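>>> predicted coordinates and the sequence they were generated for:
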Amino acid sequence: MKPIVLAISICDDIIRDEVSRKMSLIGLFNRIQSSSFPATHSSLHVYVSLTNGHKKYKGELRFVNESDNNIIFKTNGDVPLQNPLQTLELNFSVRNLKFDKPGKYDVQFYCDGTLVGSRGFIVSASTSTSEIKE
């Protein structure tokens, strides 16, 4: 039995209400634009929701360039899913994410070295002279 990913979302911020424990995802996006490359995105969050677990997994979040499978960022930690009916919501804060070139990228989530879910997004060149934007 491996965990099931219910959702992977990329956004500007995630806020957890201390009373209800509910998460609010602020500024969802699936495209990043920059006027020049390499480009650095200063701050984003990744929301991952998992279920169907039965132990403590070693989790890993990766950002991967689809054209060459180059991992541009990764972080890892414990993913405690003790009950298959449990839903676990994770918030990853990612700072200074560097994109060498435009293209299609994936956010991938692994448990114990096995890919359990992914989500694609686009990094594109903009025609404006403004800084990187979502």
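Nice, thanks for sending it over.
>>> can you say which helix or strand has the most centrally placed residue in the chain in it?
When CA atoms, centre = their mean is applied to the chain, the residue found nearest the centroid is residue 46 (3.6 Å). Secondary-structure assignment from DSSP states H and E places residue 46 in strand 39-51.
>>> remind me what the next helix-or-strand element following that strand packs against, helices and strands.
The helix or strand immediately downstream of strand 39-51 is strand 55-65, counting by DSSP H and E. Strand 55-65 sits against strand 70-81, strand 87-99, strand 103-111, with contacts defined as 3 or more CB pairs under 8 Å, 6 or more residues apart in numbering; DSSP states H and E. C-beta here means a position set from N, CA and C on the backbone, and glycine is covered the same way.
>>> count of residues packed around residue 80?
Counted by other CB atoms under 10 Å, the residues lying close to residue 80 total 13.
>>> show me the beta-bridge partners of it.
Residue 80 forms beta bridges with residue 56, as assigned by DSSP bridges.
>>> avg pLDDT for the strand holding residue 46?
Average pLDDT, strand 39-51: 97.
>>> between it and strand 103-111, how many degrees?
With axes from the mean of the first three to the mean of the last three CA atoms, to 10 degrees applied, the angle from strand 39-51 to strand 103-111 works out at 40 degrees.
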